[in-house]
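K.L.:
No sequence on hand, only this structure:
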């Protein structure tokens, strides 16, 4: 291994072009490409789950919810607690999966209710103020939520900064670490059950929200309200109610993303710092896609997920130190902000409400 | 109607040409922040009549429409729709009482299709198909473009869509703001025909803000002349020309 690294480093110094070609050839190997694609899809699914609530809320009411990450973290702990309560050790794999979906619905319902209550009590009085007030308020909420969770964890004697391991035992066996398979028929690509689950879950959520937005009347009102709140109101639509519904759903979806991450210690795992960890990539996805556009957010999640997976592969295999893949994700953000400040699919400037 | 009616205190009922009142504004004082825009406007629109608001730019015509819809609620004064006090009510509730808005700049939902733009406006979802059919009968060009995004329509088509959007809302009164603005003369003619047509055949009254004086006079039965946030003249439009000294004094450059 050291020898190979040394050789790669040596080749890079001697003939950078030849070395780049070598890396490219290695990347173009079908096994590598498919592996990166699958890893990228799993990452994209997680990104889109986290970002979608943020983008719906910004699109309709122009509020950037800085508490979104903390709400994902609450969803992770709540999901963990509920799944521990719902799953007993004797349960079979598919019963466990079923219990997980019941937990997801419960987390969605509880956090949607929390979000609706937050919108009515705290956000609503601030719509007529400059955006700074909403940012300060939601940032303040982050501090409050994090502290409340710390206190609760203290009571149950759970370490707030390390990933909570207990809920991992409730996973079906086909999702655990031991579920990783090397697919000989697919160029030796390695896949674990959690990745497949995340990809399917993300796909279902993306399609579900898309159907809600494009095929239901309420979705139509939300799309109209996102374009022109005042005009929609003047056509007889209660946009204030839509604000409550969408903010609630946005928070609910943040919670569902948390419940998903609670089962995945590699890409998430319930811990208090999870909130900040997911907020940054969520902002990157939302801004790259164009603030408030659903299609843009989905495409941006794919771009960011694929880039992240490609860079992780590159740094793992051809660079002598790890830890930089995240940097590239933020590099995408910087490039998009310079070249196309409104984002890939964005039409309006930030604060243009 | 006496030519020197007390400014700002114009009681409209004496000159009304129509039936029961649809919209009544009484001594409305409306502010944008600290700036006092309407300084006691009173007017009314009744069933079966069209009314024009005329006056120079920035005298408060658009604000009057916004005040009626409670988009910019008055700080003092009352707005009534079909006799019921709607002052301070939410805009969507005022709209649902039968008040449609065809705003300046049309304000299409550019990312939505023509059909979706109209559907947003239909108040009872069971009636969507019927209402769309009615709109497409009045505006055959919109049927052709029903699946196109509204943002891709021409200015004239967008104005038609804005009017159609007011029509499918099953409104009793349409607040129409500068419908001819930015349109070619030929298209203005079409828009005028459509407005005349729907006010005659669809039981809709118009409250029309229009810079194009001949057009305003042509479409409306009565007028209110607004200056500095007050009604300074009002009366029937019959025989009215821009040379009329009551008008020229306020509209003249």
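P.N.:
Everything's here; your move. What you are looking at is a predicted structure, and each value in this text was computed from that prediction instead of being measured.

K.L.:
Please make it C-alpha for all contacts and neighbour counts, starting now.
P.N.:
Will do.

K.L.:
and chain A, which of its residues are near chain B?
P.N.:
Residues of chain A that fall close to chain B, judged by Cα under 8 Å from any Cα of the partner chain: A:217, A:220-221, A:223-224, A:227-228, A:230-238.

K.L.:
Tell me where the stretch 151-253 of chain B has strands.
P.N.:
For the stretch 151-253 of chain B, the strands defined by DSSP state E, counting those that start in this stretch occupy B:173-177, B:205-209, B:222-227, B:230-236.

K.L.:
Of all those strands, which one is nearest chain A?
P.N.:
strand B:173-177 (10.8 Å; Cα to the nearest Cα).

K.L.:
other SSEs contacting that closest one?
P.N.:
strand B:99-102, strand B:205-209 (3 or more Cα pairs under 8 Å, 6 or more residues apart in numbering or on different chains; DSSP states H and E).

K.L.:
Show me what it pairs with in its sheet, parallel or antiparallel.
P.N.:
Pairing partners of strand B:173-177, with direction, according to DSSP bridges: strand B:99-102 (parallel), strand B:205-209 (parallel).

K.L.:
Put together a markdown table for those strands, with mean pLDDT, mean neighbour count and distance to residue A:146 on each row.
P.N.:
Below are these laid out as a markdown table (pLDDT from 0 to 100; neighbours: other Cα atoms under 10 Å in any protein chain shown; distance: least, Cα to Cα, whole Å):
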| stretch | mean pLDDT | mean neighbour count | distance to residue A:146 |
| --- | --- | --- | --- |
| strand B:99-102 | 96 | 27 | 46 |
| strand B:205-209 | 96 | 26 | 54 |
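
K.L.:
for the ones you listed, which one sits closest to residue B:215?
P.N.:
Nearest to residue B:215, of all the strands paired with strand B:173-177, is strand B:205-209, at 10.1 Å by Cα to Cα.

K.L.:
Which parts of chain A are strands?
P.N.:
A:181-183, A:189-191 (DSSP state E).

K.L.:
what do you get for the stretch 1-150 of chain B?
P.N.:
So, for the stretch 1-150 of chain B - with DSSP E, counting those that start in this stretch - the strands run B:21-32, B:35-46, B:51-54, B:76-81, B:84-85, B:99-102.

K.L.:
residue contacts, the closest residue to residue A:145 other than its chain neighbours?
P.N.:
Sequence neighbours aside, residue A:70 is the residue nearest to residue A:145 in space, at 6.6 Å (criterion: Cα to Cα, 6 or more residues apart in numbering or on different chains). Residue A:70 is in contact with A:142, A:145, A:146, A:272, A:274, A:275, A:276, counting by Cα atoms under 8 Å, 6 or more residues apart in numbering or on different chains.

K.L.:
And the first one, how close does it get to residue B:47?
P.N.:
I take that to be residue A:142. Residue A:142 is 55 Å from residue B:47, where distance means Cα to Cα, to the nearest Å.

K.L.:
Now for whichever residue of the stretch 101-250 of chain B sits closest to chain A: which residues touch it?
P.N.:
Minimum separation of the stretch 101-250 of chain B from chain A (Cα to the nearest Cα) falls at residue B:121, amounting to 5.4 Å. Residue B:121 is in contact with A:235, A:236, B:165, B:166, B:168, B:169, counting by Cα under 8 Å, 6+ apart.

K.L.:
To what extent is the nearest residue to residue B:228 once chain neighbours are set aside buried, counted in neighbours?
P.N.:
What sits nearest to residue B:228 in space, not counting adjacent residues and going by Cα to Cα, 6+ apart, is residue B:59, at 4.9 Å. By other Cα atoms under 10 Å in any protein chain shown, 19 other residues sit near residue B:59.

K.L.:
just residue A:243 next, same as before
P.N.:
Counted with other Cα under 10 Å, the neighbours of residue A:243 add up to 21.

K.L.:
same deal with residue B:189?
P.N.:
Neighbours of residue B:189 (other Cα under 10 Å): 14.

K.L.:
where along the stretch 151-253 of chain B do the helices fall?
P.N.:
Here the stretch 151-253 of chain B has its helices, by DSSP state H, counting those that start in this stretch, at B:155-168, B:185-201, B:213-219, B:245-251.

K.L.:
got any ranges where the stretch 251-353 of chain A has weak pLDDT?
P.N.:
In the predicted model, the stretch 251-353 of chain A carries pLDDT under 70 at residues A:320-325, A:347-353.

K.L.:
can you rerun that using 90?
P.N.:
Scanning the stretch 251-353 of chain A for pLDDT under 90 picks out A:264-269, A:277, A:280-281, A:290-292, A:308-333, A:337, A:339-353.

K.L.:
Let me see the ranges of the helices in it.
P.N.:
A:274-289, A:294-318, A:325-339.

K.L.:
before we move on, back to that, which one of the contacts of residue A:70 is nearest to chain B?
P.N.:
The nearest one, if we look at the contacts of residue A:70 relative to chain B and count by Cα to the nearest Cα, is residue A:142, at 32.0 Å.

K.L.:
correct me, but the closest one touches residue A:66?
P.N.:
Yes. With contact defined as Cα atoms under 8 Å, residue A:142 and residue A:66 form a contacting pair (7.0 Å).

K.L.:
Could you give the number of residues near the residue in the stretch 1-150 of chain B positioned nearest to chain A?
P.N.:
Nearest to chain A in the stretch 1-150 of chain B, going by Cα to the nearest Cα, is residue B:92, at a distance of 3.9 Å. Neighbour count of residue B:92, defined by other Cα under 10 Å: 23.

K.L.:
Isn't it up against residue A:241?
P.N.:
No. Counting by Cα under 8 Å, residue B:92 does not reach residue A:241; the two are 10.9 Å apart.
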